[in-house]
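> Fold the following and give me the result.
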Amino acid sequence: MPNQSDSNIVTADALTLLLHNQHALGAAIEELTHWISGTGADDVADNAVVALETLDTNAKAITDAIMRLRQL
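Got it, this is the predicted structure:
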């Protein structure tokens with residue numbers, strides 16, 4: 001049976017992978033936003049920016065959780 005520390009490490013590692021995925025999705029959305037904005041679809045680009053802001057906010061919370069788990 002794994003101890004609490006092992007569980008924290010596994011959880012932090014999984015969250016780190018999810019955070020990397022989130023950063024990759026954010027980068028892809030940002031590239032698409034630039035392209036969409038260039039086509040004149042500003043409303044769509046604005047919606048994508050809102051999605052990026054959500055990703056950024058959640059990434060900060062995930063990072064904080066990872067750091068707390070790694071300190072335990």
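> and the strand or helix carrying A12, average pLDDT?
Here A12, judged by DSSP states H and E, is contained in helix 4-38. Here helix 4-38 scores 94 as its mean pLDDT.
> What is the helix or strand following that helix packed up against?
Note on helix 4-38: by DSSP H and E, the next helix or strand toward the C-terminus is helix 42-71. Applying 3 or more C-beta pairs under 8 Å, 6 or more residues apart in numbering; DSSP states H and E, one finds that helix 42-71 makes contact with helix 4-38. (C-beta placed from N, C-alpha, C; glycine too.)
> ok so, going back, now for the helix holding A12, which elements pack on it?
Secondary-structure packing of helix 4-38 (3+ C-beta pairs under 8 Å, 6+ apart): helix 42-71.
> any idea of the angle the helix it packs on forms with helix 4-38?
Helix 42-71 and helix 4-38 are oriented at 160 degrees to each other (axes from the mean of the first three to the mean of the last three C-alpha atoms, to 10 degrees).
> Please state the offset of helix 42-71 from the chain centre?
For helix 42-71, the separation from the chain centroid amounts to 5 Å (computed by C-alpha atoms, centre = their mean, to the nearest Å).
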